[in-house]
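**Student:** Just the structure for this:
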Amino acid sequence: MRNSISPTSIFLMLLLLLHVPLIQCSIFPLDDESDNLIDHTCKKTTHYDLCLSTLQSNPQSSTADVKGLAQIMADILLANVTDALNYIEGLIKQAPEPELERSLTYCAELYIPIVKYTLPQAIDALTKGHYRFANYGISDAAKEADTCEKKFSGSTQSPLTDWNNLVQGLSDVAVDIINILLKG
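**Tutor:** Numbers count the residues shown, from 1 in each chain. All right, here's what the predicted structure looks like:
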């Protein structure tokens, strides 16, 4: 006796296979699901719009979990702090007034350890699951940006306000996402 598959069985298997893509399954997350995680996560931050636009602009976010979103945000923060430091160093070379040059140099001195030590260590801690240490380092970037901004007073207007605000905002968002991880 021969084992054979009946035409009815083949028809039913084909029908089932044709409908599988319509079934939502956690093994194959849809873009809507990743957007929902990003949206859900960003709603828990102090800067929803900044969080949403930053994460949605990064293609790795679409497949990331919450820890991955925190990692992406921390990496973006480091990139922006590095860009801010490069901008400050460029302004120092062009500073027409000694007072402005002193303030810019002060800001560079604040940003250098953040770029070279604090944020890389915080990102490493985040990767290893040491969320409190990561939070501490990342929040330090916001504090230093605020300190930098306050250095400009009186007649000297800060040429770094946009950079400092961006660093503070990205730092706040990264800390908020890490706080989600801390709450479990």
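**Student:** Against Ser158, how distant is the most centrally placed residue in the chain?
**Tutor:** Among the residues of the chain, the one closest to the centroid is Met73, at 1.0 Å (C-alpha atoms, centre = their mean). Using C-beta to C-beta, to the nearest Å, Met73 is found at 25 Å from Ser158. To be clear about C-beta, it is placed using only N, CA and C from the backbone, and glycine gets the same treatment.
**Student:** next one: Ala84
**Tutor:** 12 Å.
**Student:** which of the two has more neighbours?
**Tutor:** Taking neighbours as other C-beta atoms under 10 Å, Ala84 and Ser158 compare with Ala84 leading, 24 against 18.
**Student:** which ones are touching the more buried one?
**Tutor:** Contacts for Ala84 (C-beta atoms under 8 Å, 6 or more residues apart in numbering) come out as 111, 145, 160, 163-164, 166-167.
**Student:** tell me the two of these that are most distant?
**Tutor:** Farthest apart among those by C-beta to C-beta are Tyr111 and Leu166. That separation is 12.7 Å.
**Student:** Restricted to helices, list the contacts of Ala84.
**Tutor:** Those of the contacts of Ala84 mapping onto helices are 111, 145, 163-164, 166-167, per DSSP state H.
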